[in-house]
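Turn this into a model:
(chains A and B)
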Amino acid sequence: QQQVKQSPQSLIVQKGGISIINCAYENTAFDYFPWYQQFPGKGPALLIAIRPDVSEKKEGRFTISFNKSAKQFSLHIMDSQPGDSATYFCAASRTGFQKLVFGTGTRLLVSP
Amino acid sequence: NAGVTQTPKFQVLKTGQSMTLQCAQDMNHEYMSWYRQDPGMGLRLIHYSVGAGITDQGEVPNGYNVSRSTTEDFPLRLLSAAPSQTSVYFCASSQGQGIYGYTFGSGTRLTVV
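Prediction:
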């Protein structure tokens, strides 16, 4: 069974627009929710992460929104740029456990 | 500071052959993992290690073996390659138990024919 469900599978946004990627999780024991960015031919790289004690975290143009009651979290990319075109993965884990569970990924294309 | 180094970058195997994917990190990270990435399936955990001498299975361990004799190295062995093991393999390391970001290598693209 998939513990972290991610949508959409792909997304096209115009330059300057807002990109939104959503994830939902099942295991209420998860307490760490990172987002990873992957460019073609490269490994994923940590972009931003949130713990469930806050509802939002912002780093530059990237914001995570977290809804604990709905067991959902999302990534917002403001003022999207062509350089943001990449695959984005949400993930979740539980403190004390090594396993980081990933969503299936969203391929983002920002058109010029 | 090299981070996580994976070799080789590309490999073609024949069905039934064995091989070892190498992974080394120079950050003194205790935690290391192997993931495989397949289209539409995200990253799936194969095996992981919480320190030298300690390994455990992930979500898709069948057909793979690992060992961790040193903190730096975490090789992944394919015992008898099958076409279903065609994938991109990533090694990752982390300072802590999920509360720190994972550092990924650049991947090994494996094709089994």
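
wait, does stretch B:100-113 contact chain A?
Yes. Using C-beta under 8 Å from any C-beta of the partner chain, stretch B:100-113 reaches chain A at B:101, B:102, B:103, B:104, B:105, B:106, B:107. C-beta: built from backbone N, CA, C; applies to glycine.

got the buried residues for that stretch?
Residues of stretch B:100-113 classed as buried by neighbour count (16 or more other C-beta atoms under 10 Å in any protein chain shown): B:100, B:101, B:102, B:103, B:104, B:105, B:106, B:107, B:108, B:110, B:112.

Stretch A:15-29 - what's its average pLDDT?
If you average the pLDDT over stretch A:15-29, you get 96.

if we can go back for a sec, using TSV, lay out the buried residues of stretch B:100-113 together with distance to residue B:30 and secondary structure.
Below are the buried residues of stretch B:100-113 laid out as TSV (distance: C-beta to C-beta, whole Å; DSSP: H, G, I helix; E, B strand; the rest coil):
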residue	distance to residue B:30	secondary structure
B:100	10	coil
B:101	14	coil
B:102	12	strand
B:103	13	strand
B:104	16	strand
B:105	17	coil
B:106	22	coil
B:107	22	coil
B:108	23	strand
B:110	27	strand
B:112	32	strand
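
Pull the number of nearby residues for the spatially closest residue to residue A:70 that is not a sequence neighbour.
Using C-beta to C-beta, 6 or more residues apart in numbering or on different chains and skipping residues adjacent in sequence, the residue nearest residue A:70 is residue A:24, 7.7 Å away. Per other C-beta atoms under 10 Å in any protein chain shown, the neighbour tally for residue A:24 reads 18.
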